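Student: coordinates only, sequence not included:
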């Protein structure tokens, strides 16, 4: 029985990674970036991924041949300590664990949509945090953090969020 | 011929006048009923199209993020319209279409049959359609669909 359940679990993790990658791409349709978020009018839309290589690979598959805000999409696999300059979106995987707060501090106040998948990540300054509810991927949104980064998150996205944090308390 | 000759001119004249009036009346009634039905149907269609569009736009994010609960809640708003016999939201999945749990499914509400099923077309976020029946005289389907962002 044990190998079967492990296999099922692997399947589920793969499916979850796929869903998260797809959600990450779709978030872009519900968020407004200020013009200063892009260095040049023709800068690509850059999504940084740290601590989640499988998700980065999945995301590369999804964005292949697609555009966001009429810009080409680039997925950048980040290393620790790397600057978030030029990024529009940053996904921080669970593998980063304890370094989460440190990475989020770097992105704080920048026009970078930070997405995480760790418990309590919103209190560390993340804007969107994936949670698992009844085996389905849902997400929480923190508006004050997004406002600090001059990002506008559409009310239509908030309608499907599990929880929306509106004050920084 | 005998039938006609046994009446006086006066009676015949009266009959002709009455017959003409009756015909005119019948024609007027028919035209009025036809016009009313037509305008009623048209207003119902535009009404339903507006509602389908509104509901569709509201539900698009729910379909994008695979949230059947929100889709269900939105669809249940149609309970306020007794004419609506059935309504459905079709979920068109792209990459995530592989698993059956990406299908949204609605439980049947108490008063009306509402179904929700999956469509495999990948270019649209979803499709909403409502079937509206008004007595036995007319019945139509109105639809909405949105392309994926």
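Tutor: That came in fine, so what should we check first? Every value quoted in this text rests on a predicted model; they were computed, and no experiment measured them.
Student: Now the phi/psi pair for residue A:118, please.
Tutor: phi -110, psi 150 (degrees, to the nearest 10).
Student: from what I can see it touches residue A:97, true?
Tutor: Yes - taking CB atoms under 8 Å as the definition, residue A:118 is a contact partner of residue A:97 at 7.4 Å. Every residue, glycine included, has its C-beta placed from N, CA and C.
Student: got a list of what residue A:129 touches?
Tutor: The neighbours of residue A:129, taking CB atoms under 8 Å, 6 or more residues apart in numbering or on different chains as the test, are A:115, A:116, A:117, A:118, A:121, A:122, A:139, A:140, A:142.
Student: any bit of the host helix or strand of residue B:23 sitting next to chain A?
Tutor: Using DSSP states H and E, residue B:23 maps to helix B:9-64. Yes - Helix B:9-64 reaches chain A (CB under 8 Å from any CB of the partner chain) through B:58, B:60, B:61, B:62, B:64.
Student: related to what we said a few turns ago, now, which of the contacts of residue A:129 lie close to chain B?
Tutor: residue A:139.
Student: If we only consider the contacts of residue A:129, which is nearest to chain B?
Tutor: Nearest to chain B among these, counting by CB to the nearest CB, is residue A:139 at 7.8 Å.
Student: burial count for that closest one?
Tutor: 21 (other CB atoms under 10 Å in any protein chain shown).
Student: partners of the helix or strand hosting it in the sheet?
Tutor: Residue A:139 is part of strand A:136-142, with elements assigned from DSSP H and E. When sheet partners are counted by DSSP bridges, strand A:136-142 sits next to strand A:128-133 (antiparallel), strand A:163-165 (parallel).
Student: can you give me how far stretch A:109-122 is from the chain middle?
Tutor: 7 Å (CA atoms, centre = their mean, to the nearest Å).
Student: what mean pLDDT does it have?
Tutor: For stretch A:109-122, mean pLDDT rounds to 90.
Student: Next: stretch A:50-68.
Tutor: Stretch A:50-68 comes out at a mean pLDDT of 91.
Student: what about it, near chain B?
Tutor: Yes - counting by CB under 8 Å from any CB, chain B has neighbours in stretch A:50-68: residue A:62.
Student: can you give me the end-to-end distance of that stretch?
Tutor: One end of stretch A:50-68 to the other measures 20 Å (CA to CA, to the nearest Å).
Student: Residues in contact with it: which ones?
Tutor: Here stretch A:50-68 has contacts from A:14, A:17-18, A:20-22, A:24-25, A:28-29, A:45, A:47, A:49, A:73, A:75, A:77-80, A:82, A:90-96, A:103, A:117, B:95, using CB under 8 Å, 6+ apart.
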